[in-house]
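sequence and predicted model, in that order:
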Amino acid sequence: TTPMVRLRPSWIAWGVAALLAAATMTAGPEAARQREVPSRRLTISFSARALVPGEAVLLRFESAVPLTSVRGTAFGQPFTAYAGGAATTWHALVGIYLAVRPGPASVEAEARQADGAHVSARLSLTVAAKQFATRRLKVAPEFVTPPAAEQARVEKERLLLNRVLSAVSPRHLWGDGFGRPVDGEVISVFGVRSVFNGEARAPHRGIDFRGATGTPVRAPARGVAVLAEPLYFSGSTVILDHGMGVFSMLAHLSRIDVKPGSLVLRGDLVGAVGATGRVTGPHLHWTLRIGAAAVDPLSILTIAGAGR
């Protein structure tokens, strides 16, 4: 029979301590790596003058580790995102359609982190109702119902505008913000229901500034001129592509001072106030498009980081 060996309590304590130390040495590096794994989380925030139809909204996406791409939808439409000032932050400028119904809405995003991991997030929002006034204007009859001789031109220009405004440039050009193209007061606001010569037409998808013929019109933000020519309804027109699906349309000009393909900086001269196209007098019309949504240009001037 093997004699029984009694272990002293001190030996037992020493053995347990040795085993724990060995386990710690083995698991230590792995445990440290686990502690070092950054949070797999994406947060979404926004800045806007108001969450109502026809407003611009600046989205912000943040993660604990650098991001290499962000994509998703906002208010039911896809957005184009761009890198922010920090590697862990991205932004997207989006618009709320004028026809969006008040009620629940959301922003859904998926991002790729620098190490290849994917993170996603959802932000629930509520779009409030907004009432728009009606304006009644008297214009030349041919600008309410174009004559047969002009129908082909009107259709050609419609297709041209669709093509120009649907081309999304990958460059983010408006880094120095947006400003007013003229100093005159706003005489017709965004979204008003338009009635021309007693006939209802589409809502006003821009704003009108008071101005005398010849008043200089300046680029509201850095962009590339993608159209500079006379059009039937909007008269002499300049369209600037600010990148990422953001466009400015400056209409009813008396003079065009920029050529297609030209890069202009915020404040550069692009034309002069006039009374061409469907107008009741000289003024500047400014439409701002974000993706497929026309928004109130004044709304972008109030968003920190987008307008100054």
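Structure's in. What do you need? Not measured: the values here are computed from a predicted model. Numbering: from 1, shown residues only.

walking through this structure, point out its helices one by one.
Remark: helices assigned in the chain by DSSP state H are 9-36, 148-166, 297-300.

check those helices for me: which has the lowest mean pLDDT.
Mean pLDDT per stretch puts helix 9-36 lowest among those, at a mean of 45.

measure the residue lying closest to residue 77 once chain neighbours are set aside to residue 89 for me?
Nearest residue to residue 77, sequence neighbours excluded (C-beta to C-beta, 6 or more residues apart in numbering): residue 291, at 5.9 Å. Every residue, glycine included, has its C-beta placed from N, CA and C. Look at residue 291 and residue 89: by C-beta to C-beta, to the nearest Å, they are 21 Å apart.

more crowded one of these two?
Neighbour count, other C-beta atoms under 10 Å: between residue 291 and residue 89, residue 291 has more, with 24 against 16.

tell me how far residue 210 lies from residue 238.
19 Å.

same thing with residue 225?
6 Å.

neighbour count winner among these two?
Set side by side, residue 225 and residue 238 show more neighbours around residue 238, with 28 against 21, by other C-beta under 10 Å.

can you check the pLDDT for the more buried one?
Reported pLDDT for residue 238: 98.

residues contacting it?
Contacts for residue 238 (C-beta atoms under 8 Å, 6 or more residues apart in numbering) come out as 217, 225, 227, 228, 249, 250, 253, 256, 258, 270, 271.

likewise residue 188?
For residue 188, the contact set (C-beta under 8 Å, 6+ apart) comprises 135, 204, 207, 208, 283.

ditto for residue 226
Counting by C-beta under 8 Å, 6+ apart, residue 226 touches 164, 167, 239, 240, 241, 247, 260, 261.

the fifth one contacts residue 224, doesn't it?
Yes. Counting by C-beta atoms under 8 Å, residue 241 does reach residue 224; the two are 4.8 Å apart.

neighbour count: the two, which is higher?
residue 241 (23 against 18).

for that one, which residues are in contact?
The neighbours of residue 241, taking C-beta under 8 Å, 6+ apart as the test, are 167, 169, 173, 223, 224, 225, 226, 247.

quick check: the fourth one touching residue 262?
No. The pair formed by residue 223 and residue 262 falls short of the contact definition of C-beta under 8 Å, at 9.6 Å.

for burial, what's the neighbour tally of the nearest residue to residue 120 once chain neighbours are set aside?
In space, residue 120 comes closest to residue 110 once its chain neighbours are excluded; the distance is 4.5 Å by C-beta to C-beta, 6+ apart. When neighbours are counted by other C-beta under 10 Å, residue 110 registers 14.

residue 110 contacts residue 117, doesn't it?
No. Counting by C-beta under 8 Å, residue 110 stays clear of residue 117, with 11.2 Å between them.

which of the contacts of residue 238 fall in strands?
Among these, the members found in strands (DSSP state E) are 217, 225, 227, 228, 249, 250, 253, 256, 270, 271.

okay, those in a markdown table with pLDDT and distance to residue 84 next?
Shown next, in a markdown table, are those (pLDDT from 0 to 100; distance: C-beta to C-beta, whole Å):
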| residue | pLDDT | distance to residue 84 |
| --- | --- | --- |
| 217 | 98 | 31 |
| 225 | 98 | 27 |
| 227 | 97 | 30 |
| 228 | 98 | 32 |
| 249 | 97 | 27 |
| 250 | 98 | 28 |
| 253 | 97 | 35 |
| 256 | 98 | 35 |
| 270 | 98 | 28 |
| 271 | 98 | 33 |
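
nearest to residue 93, of the residues you listed?
For the ones in strands among the contacts of residue 238, the closest approach to residue 93 (C-beta to C-beta) belongs to residue 249, at 16.5 Å.

the closest one: what's it in contact with?
Going by C-beta under 8 Å, 6+ apart, residue 249 touches 206, 234, 237, 238, 239, 285, 286, 287, 288, 289.

quick check: the third one vs residue 69, distance?
The reference is to residue 237. Look at residue 237 and residue 69: by C-beta to C-beta, they are 35 Å apart.

looking at those two, which is more packed in?
residue 237 (24 against 12).

ok, what's across the strand from that one?
residue 229 (DSSP bridges).

can you check the one 4 residues further on too?
Here residue 241 sits in beta bridges with residue 224, residue 247, going by DSSP bridges.

OK, contacts around residue 115?
Residue 115 touches residue 65, counting by C-beta under 8 Å, 6+ apart.

cool, residue 94 as well?
Listed by C-beta under 8 Å, 6+ apart, the contact set of residue 94 reads 56, 57, 58, 59, 74, 75, 77, 79, 290, 291, 293.

just the buried members of these?
With neighbours counted by 16 or more other C-beta atoms under 10 Å, these contain buried members at 56, 57, 58, 59, 74, 75, 79, 290, 291, 293.

related to what we said a few turns ago, using CSV, please lay out the contacts of residue 249 together with distance to residue 51.
As requested, these are exported to CSV (distance: C-beta to C-beta, whole Å):
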residue, distance to residue 51
206, 21
234, 29
237, 31
238, 31
239, 28
285, 26
286, 22
287, 21
288, 17
289, 19
